[in-house]
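Peer 1: Got a predicted structure here, sequence first:
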Amino acid sequence: MTEMVPAALPVDLGNGPFAVTTRGLAKRFGSVRALDGLDLQVPEGAVYVLVGPNGAGKSTLIRTLMGLVRYQAGSVDVLGRDPADRGAEVRAGIGYVPEDYRFGYAWMTVGRLLEHQAVYHPSWDAEYARRLRARYEIDPGRKCHALSKGQSRRVQLVLALAHRPPLLLLDEPTDGLDHVVRDETLSILSEHLADSPTTVVISTHRVYEVEPLVDHVGVLAGGRLLGQLPRDELHMGLLRYWADVPEGWRPPRELSGRVVRRNGSARMIEWTVWGDRDAVTRGLSEAGAAVRDVAPVSVDEAAVALLSGREAS
Amino acid sequence: MTDSTVDRMPATVDRMPALKAVWIEQLRAVGVAIRREVGLAGVVLVLGSLAVVAVARMPVLQAMLGAEAGVLVFNPEEPPWGFFAVLVALLFPLVVWKGERRFGDTPLWSLPVDHRRHALLKVAAGWVWLLGVLGVALLWVTLAVLASGGVLGVDEVRLLIVDPARAAAGAPGATEPVNWTTPWWEWARPFTSATAAYLLASTLVLATARPLFWAAGLWVASIAVLGFAEERDVGWIQRNIDLVDWYIGGVPFTQGVQLTTGWREAWTLLPTMGMWTVSAAFWIGLGIAGVMGASGRPRNH
């Protein structure tokens, strides 16, 4: 037995301060709604992971924040500015890793590309760039067109980090990286966050790769946010319950709308439920279920549960 | 907007690059982008010109090749110099924008510079390089011609047709001789025509995702208009096409006339500085308007 229903997760993170906010953000590509009334709130200093399946609107959202895509409705505020009007100023404060790993400047060497980027960012830290390049084992004399996908990603990360921007927008930053380099990247990002006050928005559909860094989660599907909340709150509120149930058992009415995912069989349930642990346990017990175990779910599992619920609904 | 974001605003302004730095960097980046193609063209030019000089200076080679001994004349009024400059200028934007996804994610649009301004700076950087490349190429040709014992420009008597109706029959008085020395502005014409061609080609590159497709379409359309004008004998179209032909380095104002001394080339019109000025202003103005309009086109949207 597997049944899924969408649950109402929080989408309001309060009063901020926020590095990024959008209100009712909408963007269509022809008949396709890429963003559909999106209310994003990224607190200052947060590492916010945007989770969603392919086509959820993650990349469109990030490109909108960069001022690369024009939105059609709503409002956007990135570091106090609207990227549609003041895109250059917004981009000055952003380190960006695009979804596409391919470079435009294929004929440039990596060293020349780094020099090029440094000119555009007066805050460029050449020593830091050199250290990053060394840690990633990037050959500065290599032509960009000769880089593999993983090597290109590493160069993109150096380009994004070396000017120590107040905001990092990383679109699938670990895409193409092997396990060793991925761990090194997480280590570099951790050290970067410790050294430089930075807000980070990471878009990925492989949350487990960046989960150690994350402190806020936004779940995106069909251009809409299903929920956004601090990771601790997610861990406290979204739990998996295992319970034995009698034949013909019916779920308690008070859990209606809170069950994110239902798995199990006729005599045993495995539910992922949003809500206070004691209240949910009490509700299940009063309905005749014998709760055997309760466990928190990882961000990745939470995302899978929320998104599979959304897809089924 | 929160108070803290207001407090942070000057910080991002401080992070903006100076326009002068961006301009210099674009000059450098375009220089790197065009290096290979310009190098190849340079090798062809140097080898070709050395071969011409060798033939002109060495009677043994002339005899071997069956070439006529003569004095090389470098006249900017005649093909192929103007065509060469225009052809290079038409292809130049493709090299300047090589590898840039003009309608997609590209480093150029991700950088902290206004997109229109950034595109214009890149076009301007390409133009500076174009004029530099043409200048060096024409200087090299000049030196090569002088080294071969040739001359620069012409100093001749031209036959000007004053009565077109009677000129074809070689009627007396239908033509008159005019002293002609290559004027200074003819040396500038390859640069102005190349500028106009570069700007118009840049317009296509910036405005369309498939500039070669559009260029081919425009070429076919202009051939059709030319054919129509000739078929229907539409004088104003033909005159304007002749003007374009002249401006890009052709010699459209000549025709053969039968004189008592035999066939001679005569001129229906001798180019003037006014023609050059008006043509340059019109085509360069059109190119600037095109680039200004195309550079503001939404990208990646």
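Peer 2: Perfect, thanks for sending it.
Peer 1: what about residue A:29, neighbour count?
Peer 2: Look at residue A:29: counted by other Cβ atoms under 10 Å in any protein chain shown, it has 11 neighbours. (C-beta placed from N, C-alpha, C; glycine too.)
Peer 1: who touches it in this structure?
Peer 2: Residues in contact with residue A:29 (Cβ atoms under 8 Å, 6 or more residues apart in numbering or on different chains) are residue A:60.
Peer 1: For residue A:64, see how far away it is.
Peer 2: The gap separating residue A:29 from residue A:64 is 12 Å, by Cβ to Cβ, to the nearest Å.
Peer 1: before we move on, what about residue A:98?
Peer 2: Taken as Cβ to Cβ, the span from residue A:98 to residue A:64 is 13 Å.
Peer 1: What is the burial count for residue 199?
Peer 2: You didn't pick a chain, so chain A it is. The number of residues packed near residue A:199 is 25, by other Cβ under 10 Å.
Peer 1: hmm, I had chain B in mind actually
Peer 2: Residues lying near residue B:199 (other Cβ under 10 Å) number 25.
Peer 1: swap in residue B:142?
Peer 2: By other Cβ under 10 Å, the residues close to residue B:142 number 15.
Peer 1: Equivalent analysis for the one 3 residues further on, please.
Peer 2: Applying other Cβ under 10 Å, we find 21 residues neighbouring residue B:145.
Peer 1: Name every strand pairing with the longest strand along chain A and say which way it goes.
Peer 2: In chain A, assigned by DSSP state E, the strand with the most residues is strand A:18-29. Sheet pairing of strand A:18-29 (DSSP bridges) gives strand A:32-38 (antiparallel), strand A:41-43 (antiparallel), strand A:73-78 (antiparallel).
Peer 1: Which of these comes out lowest on mean pLDDT?
Peer 2: Mean pLDDT is lowest for strand A:32-38 out of these, coming in at a mean of 90.
Peer 1: Return the set of buried residues in that strand.
Peer 2: Across strand A:32-38, burial judged by 16 or more other Cβ atoms under 10 Å in any protein chain shown covers A:34-36, A:38.
Peer 1: Now flag whichever of those residues is closest to chain B.
Peer 2: Checking the buried residues of strand A:32-38 against chain B by Cβ to the nearest Cβ gives residue A:34 as the nearest, at 11.3 Å.
Peer 1: Who's the closest spatial neighbour of that closest one, skipping the chain neighbours?
Peer 2: Nearest residue to residue A:34 in three dimensions, chain neighbours excluded: residue A:60, at 4.2 Å (Cβ to Cβ, 6 or more residues apart in numbering or on different chains).
Peer 1: Next: residue B:198.
Peer 2: residue B:89 (4.1 Å).
Peer 1: tell me the mean pLDDT for the longest strand of chain A?
Peer 2: For strand A:18-29, the mean pLDDT works out to 93.
Peer 1: Report the distance from the longest helix belonging to chain A to the chain centre.
Peer 2: Longest helix of chain A, by residue count under DSSP state H: helix A:179-195. On the basis of Cα atoms, centre = their mean, to the nearest Å, helix A:179-195 sits 16 Å off its chain's mean C-alpha point.
Peer 1: The helix or strand that comes right after it: partners in the sheet, and parallel or antiparallel?
Peer 2: The helix or strand immediately downstream of helix A:179-195 is strand A:199-204, counting by DSSP states H and E. Within its sheet, and counting by DSSP bridges, strand A:199-204 is paired with strand A:47-51 (parallel), strand A:167-171 (parallel).
Peer 1: Output the ones you listed as TSV; include the columns distance to residue A:248.
Peer 2: As requested, those are exported to TSV (distance: least, Cβ to Cβ, whole Å):
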stretch	distance to residue A:248
strand A:47-51	37
strand A:167-171	49
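Peer 1: tell me the mean pLDDT over the helix or strand harbouring the residue nearest to residue A:34?
Peer 2: Element membership of residue A:60, judged by DSSP H and E, is helix A:58-65. Mean pLDDT, helix A:58-65: 93.
Peer 1: now do stretch A:304-312
Peer 2: The average pLDDT within stretch A:304-312 is 63.
Peer 1: helices or strands up against the helix or strand hosting residue B:93?
Peer 2: Using DSSP H and E, residue B:93 sits in helix B:81-96. In terms of contacts (3 or more Cβ pairs under 8 Å, 6 or more residues apart in numbering or on different chains; DSSP states H and E), helix B:81-96 is packed against helix B:19-57, helix B:115-147, helix B:184-207, helix B:211-232.
Peer 1: swap the cut-off to 7 Å and go again
Peer 2: helix B:19-57, helix B:115-147, helix B:184-207 (3 or more Cβ pairs under 7 Å, 6 or more residues apart in numbering or on different chains; DSSP states H and E).
Peer 1: Tell me the spacing between the residue nearest to residue B:198 and residue A:145.
Peer 2: 27 Å.
Peer 1: Equivalent analysis for residue A:64, please.
Peer 2: Noted for residue A:64: a distance of 29 Å to residue A:145, by Cβ to Cβ.
Peer 1: same thing with residue A:160?
Peer 2: Applying Cβ to Cβ, the value for residue A:160 to residue A:145 is 20 Å.
Peer 1: neighbour-wise, which of these two wins?
Peer 2: Neighbours were tallied for residue A:160 and for residue A:145 using other Cβ under 10 Å; the higher tally belongs to residue A:160 (22 against 13).
Peer 1: could you list every residue that touches that one?
Peer 2: Residues in contact with residue A:160 (Cβ atoms under 7 Å, 6 or more residues apart in numbering or on different chains) are A:95-97, A:168.
Peer 1: can you put these in CSV and add secondary structure?
Peer 2: Putting the contacts of residue A:160 into CSV (DSSP: H, G, I helix; E, B strand; the rest coil) gives the following:
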residue, secondary structure
A:95, strand
A:96, strand
A:97, strand
A:168, strand
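Peer 1: In ChimeraX, select just the buried ones from those.
Peer 2: When burial is assessed using 16+ other Cβ under 10 Å, the buried subset of the contacts of residue A:160 is captured in ChimeraX by this command:
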select /A:95,96,97,168
